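Participant: build me a structure from this.
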Amino acid sequence: MKKYLFYISIIFISCQDEITLDLPQAENKLVVEATIEQGFPPYVILTKNEGYFDPVDSETFNNLFVNNIESVEIWYNNDGVKVDSVILDQITLFDSLPPIYTDINFLNNNVDFETGELTSPYNFSMPGRTYYLEIKWNNQIISAQTTIPIPTPLDCLWVEKNEAADKDFKYDIRAVYSDDGNIQNNILIRSKRIEHYERVSDHTDSLLCEIKNIPDGRLQLIDAGADVLINGQSFETYFPRPKESGFPSGAYNSTHVKDCNDSVVEFKNDVVLIKFCQIDEPSMKFWRGLVRQVGTNGNPFAEPMNLSSNINGGLGVFTGYGAVYYKVPIIENTTIFDTIRPKITDIF
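Facilitator: Next comes the predicted model:
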């Protein structure tokens, strides 16, 4: 008996039509990053939103910033009556920052720009007050409000070797915090390396043996959330170094040496600024959402989400910070108990 194997080839021929989708244009909205914290002038950064499918080119970044603002005002009330207000004007403080709106009169008269120190107190921004923001732009009024909570310090911070790191000069910053069980605390933590040493590149494949301090440009977000799980407890935590994307999981550098062109070069330890804040609930919802979005960046199984906003008529957030600052040199067994007074350049 013979067996026959038949190959049947079925060719599917399909017609392909060009499909053009008429997508709705994104509504033109103002994006607000507004901040006020005790003892410092408020600052506001204003940009425009971009459509998801809008082209990205060399001019995109510059086109985001808004210049045709009629006015930016912040004030606080007492029994519903406006007590004091500040009109903010645009200024470029640092090359690493976009143009901001702030209290220029105070800066010009009360800041030593060589040292970044305030020469007199700024009494407009105080803990416990609720502040109101109003922006007039493009025949629109964009408004928001926020409260500066009472700052609460950490019990202490210390530097501890990162046992999981593949390099013996990598260290973590750990801390103990005692939460007040009588109030709801919404916590936000930022950090930046105000000293960080790297070998200088000569723009080729090789590195020079010159060591240069290359600090972080701005404070970077570590985490934000409410005290629901730790209300009234004292607990130990740690503050990892933020990365460019994904969850913060980095460590900091202590003093170490490396080989370079038949010589040995020494790298000084990092010095880290920790900003530990209390924020109100609407602000916490925005920053917590941002943390979650960054943490799921690139995950195809992550559920898409929109950021919560407390800006009426726009996007973004107006945050009041009840903040305390710590300067932490990455030196083994260093323990920090005292807060520091930051410079004007350190609050960004």
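
Participant: low pLDDT regions in the chain?
Facilitator: Within the chain, the ranges that satisfy pLDDT under 70 run 1-27, 50-64, 93-97, 202-207, 245-246, 295-305.

Participant: where is the longest strand in it?
Facilitator: If you go by DSSP state E, the chain has its longest strand at strand 315-329.

Participant: what's the first helix or strand after it?
Facilitator: For strand 315-329, the following helix or strand on the C-terminal side (DSSP states H and E) is strand 335-336.

Participant: contacting residues around L221?
Facilitator: Applying Cβ atoms under 8 Å, 6 or more residues apart in numbering, we find L221 in contact with L188, I189, R190, P242, W287, L290, V291, V294. Bear in mind the C-beta positions are built from the backbone N, C-alpha and C, glycine included.

Participant: bridging residues for it?
Facilitator: R190 (DSSP bridges).

Participant: okay, it and Q140: tell me how far apart.
Facilitator: Between L221 and Q140 the distance is 29 Å, computed by Cβ to Cβ, to the nearest Å.

Participant: please apply the same query to Q184.
Facilitator: Distance of Q184 to Q140, given as Cβ to Cβ: 33 Å.

Participant: same question, T147
Facilitator: The gap separating T147 from Q140 is 25 Å, by Cβ to Cβ.

Participant: kindly report the same for G116.
Facilitator: 35 Å.

Participant: that's a helix at N108, yeah?
Facilitator: Yes: counting by DSSP: H, G, I helix; E, B strand; the rest coil, N108 is located in a helix.

Participant: how many neighbouring residues does it have?
Facilitator: 10 (other Cβ atoms under 10 Å).

Participant: need the contact list for the closest residue to V159 other than its chain neighbours.
Facilitator: Leaving aside its sequence neighbours, V159 sits nearest to T334 (Cβ to Cβ, 6 or more residues apart in numbering; 4.5 Å). With contacts defined as Cβ under 8 Å, 6+ apart, the neighbours of T334 are W158, V159, V328.

Participant: repeat that for P99.
Facilitator: P99 makes contact with I45, F65, N67, Q90, I91, T92 under the criterion Cβ under 8 Å, 6+ apart.

Participant: most neighbours among those, which one?
Facilitator: Highest neighbour count within the contacts of P99: I45, with 19 neighbours (other Cβ under 10 Å).
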